[in-house]
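# Sequence and predicted structure below; questions after.
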Amino acid sequence: MTRDLPETIACARLTLRPLQAGDVSDIVAMANNPKMLETTATLPHPFGMADADALIAQAATSGAQAIYGMVDGTDRLMGVLMVRFKPDQPPEVGYWLGEPHWGHGYVAEALNGLLAAVRQLPDFAVVSARVLQSNAASVRVLEKAGFAIVEHTFGVLERHRGKPLYVMQWRAG
């Protein structure tokens, strides 16, 4: 399934492309931010060079997910957008964006670019996302991209265990 998604997706102000070895320092600089702990479920902290190398290797080899680097017009990494695939479930998106880029609409733009590519594929009628109910900015980002809340639940992963979550879905139309 992941092979059907394009390797690169061009958006108005950014591009989604494979992660590269040259992204390591940018990944570490942005992901090693304590504020990322509040909103990401699995991003390790502290986040070091070995974590960035592992993320790049995972992106290059995993068929269970598509991992894109969000890059600006100078090909500088701003964040990561991923789509995870599980049997008999809709694909699920997750993302993080470096703090210097918060509040500029980049993630909504990246999601819209990804969803435009998804619309071209026959097997993707629904895409899901999980977001902390307390993360109002991310809820707004998902809503801007056409996601709607379909379930109220609680986190099960260690960092967010017991915290209220929304399951949101986008439907091709």
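Sure thing, it's come through.

# Could I get the full set of helices for this protein?
With helices called from DSSP state H, the chain shows them at 24-31, 35-39, 49-61, 106-119, 136-144.

# Spatially, what comes nearest to residue 27 if we skip its sequence neighbours?
The shortest distance from residue 27 to any non-neighbouring residue, by C-beta to C-beta, 6 or more residues apart in numbering, is to residue 52 (4.1 Å). No exception for glycine: its C-beta is placed from N, CA and C like everyone else's.

# so what's that neighbour up against?
Neighbour list for residue 52: 23, 24, 27, 28, 31 [criterion: C-beta atoms under 8 Å, 6 or more residues apart in numbering].

# Could you do residue 38 as well?
Going by C-beta under 8 Å, 6+ apart, residue 38 touches residue 135.

# And residue 102, by the same measure?
residue 137.

# I'd like to know how far residue 75 sits from residue 120.
Separation of residue 75 from residue 120 (C-beta to C-beta, to the nearest Å) stands at 25 Å.

# Cross-check the contact I'm expecting between residue 32 and residue 49.
No: using C-beta atoms under 8 Å, residue 32 is not in contact with residue 49, being 9.8 Å away.

# Just want to know which of these two has more residues nearby.
Neighbours were counted for residue 32 and for residue 49 using other C-beta atoms under 10 Å; residue 32 has more, 17 against 12.

# Now do the more buried one against residue 44, distance only.
9 Å.
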